[in-house]
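Participant: 3D model of this:
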Amino acid sequence: MTAVNRQILLASRPSGEPGADNFKLVEAPLSEPGPGQVLVRNHYLSLDPYMRGRMNEGKSYAQPQPLNEVMIGGTVGEVVASRNEHFQVGDKVVGMGGWQEYQLVDASQRGVLQKVDTTHVPLSAYLGAVGMPGVTAWYGLVKIIAPKAGETVVVSAASGAVGGAVGQLAKVRGARVVGIAGGADKCRYVVDELGFDACIDYKEHRDLKSLSGALKTACPEGVDGYFENVGGMILDAVMLRANAFSRVAMCGMIAGYNGEPIPMAAPQLILVNRMKIEGFIVSEHMELWPEALKELGTLVATGRLKYRESVAQGLENAPEAFLGLLKGRNFGKQLVKLI
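Facilitator: The predicted model follows:
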């Protein structure tokens, strides 16, 4: 076994749009596990938009990513050495191993590592459809939007790991689902492969009037539920089409991740339409993860929940893949393959 662990650290905090120089690739010595510890060889690293917020020093819902420490991130991998009775060499596990090839963890801490079954669900899916993004989609849809059969649900960033799952879970519940995505290829995928009823290409609708008009055509009965990943003009356009007592699950506001202002054009519509708008952080609802993962795992294993992955090869390419994710260059769940 190699005695070196390659890692990517946050070298500096970005001012505005992040760049490759905010990261640093280093090598660290690899230690053997001590009592209760487990050494995991990470196979895949998850890249997610929330990481951009953690790079800032300002107040947010989570502590900032410390400088000169391994970038935070979800990982799946295989136990290669263990001094913990609950984990054996060869076990497949999911955890928060960060941007590094190996992780040494005290596996006696509850929830730090979870064993996963790859018989019917691929290992990489535990970072996407049957992982945090899938549970995020499930919680926002089921617990906040709570669609009834026949209602219309709109999803922004519809071709992404979260948005794609939202739409399919809404279809299972009998809703009409309209996606918003960037580019004709992504919109075709959302409709033809994921089964949405329609998808609007926001790149074809550059102003509020045009986007609102496209939503009116796609949602002739108005919008009852909206899963928000973007913010900005897209939120304004959806609010103009929102029905009375519509519900909005606020998951992300990627339009403002680099510090851009995110004004709201017509906040009075919240009152006029008696809208419920609720933000949520999925890690604050761990008691519901088993219920969510049971449904997600069953749907993936039976082929009823489809997903796509964009895979960068090698730890050294993680920063470039992450910067591409923030610009929408990925197609589906963005992963880095580490083996």
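
Participant: please parse this structure into its domains.
Facilitator: 4-128+308-337, 132-283 (automatic domain parsing).

Participant: out of those, deepest packed?
Facilitator: Most buried of the domains of the chain, by mean neighbour count (mean count of other Cβ atoms under 10 Å): domain 132-283, with a mean of 20. For glycine as for every other residue, the C-beta is placed from the backbone atoms N, C-alpha and C.

Participant: report the central residue of the protein.
Facilitator: Central residue check for the chain by Cα atoms, centre = their mean: the C-alpha nearest the mean position is that of Pro133, 4.0 Å away.

Participant: the strand or helix carrying that residue packs against which elements?
Facilitator: Here Pro133 is covered by helix 132-139, with elements defined by DSSP states H and E. Applying 3 or more Cβ pairs under 8 Å, 6 or more residues apart in numbering; DSSP states H and E, we find helix 132-139 packed against helix 161-172, helix 289-301.

Participant: which strands border the helix or strand following the longest one, and is each parallel or antiparallel?
Facilitator: Read that as helix 289-301. Sequence order places strand 309-313 as the next helix or strand after helix 289-301, per DSSP H and E. The strands beside strand 309-313 in its sheet (DSSP bridges) come out as strand 333-337 (parallel).

Participant: strands of the stretch 1-150 of the chain, start to end?
Facilitator: 4-10, 23-29, 37-46, 75-82, 92-95, 102-106, 113-115 (DSSP state E, counting those that start in this stretch).

Participant: low pLDDT regions in the chain?
Facilitator: 1-2 (pLDDT under 70).

Participant: re the thing from before, excluding chain neighbours, give the residue nearest to the residue nearest to the centre of the chain in space.
Facilitator: Ala161 (3.9 Å; Cβ to Cβ, 6 or more residues apart in numbering).

Participant: which residues are in contact with the residue of the chain positioned farthest from its centre?
Facilitator: Each residue of the chain has a distance to the centre, and by Cα atoms, centre = their mean the biggest one is for Pro35: 34.2 Å. The contact partners of Pro35, by Cβ atoms under 8 Å, 6 or more residues apart in numbering, come to Arg83.

Participant: distance check, it against Val112.
Facilitator: Per Cβ to Cβ, to the nearest Å, Pro35 is found 15 Å from Val112.

Participant: ok, Asn84 next?
Facilitator: Separation of Asn84 from Val112 (Cβ to Cβ): 10 Å.

Participant: quick one on the thing from earlier: how about the strands of the stretch 1-150 of the chain in a markdown table, adding distance to Arg241?
Facilitator: A markdown table is the format used below for these (distance: least, Cβ to Cβ, whole Å):
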| stretch | distance to Arg241 |
| --- | --- |
| strand 4-10 | 40 |
| strand 23-29 | 40 |
| strand 37-46 | 33 |
| strand 75-82 | 39 |
| strand 92-95 | 38 |
| strand 102-106 | 46 |
| strand 113-115 | 40 |
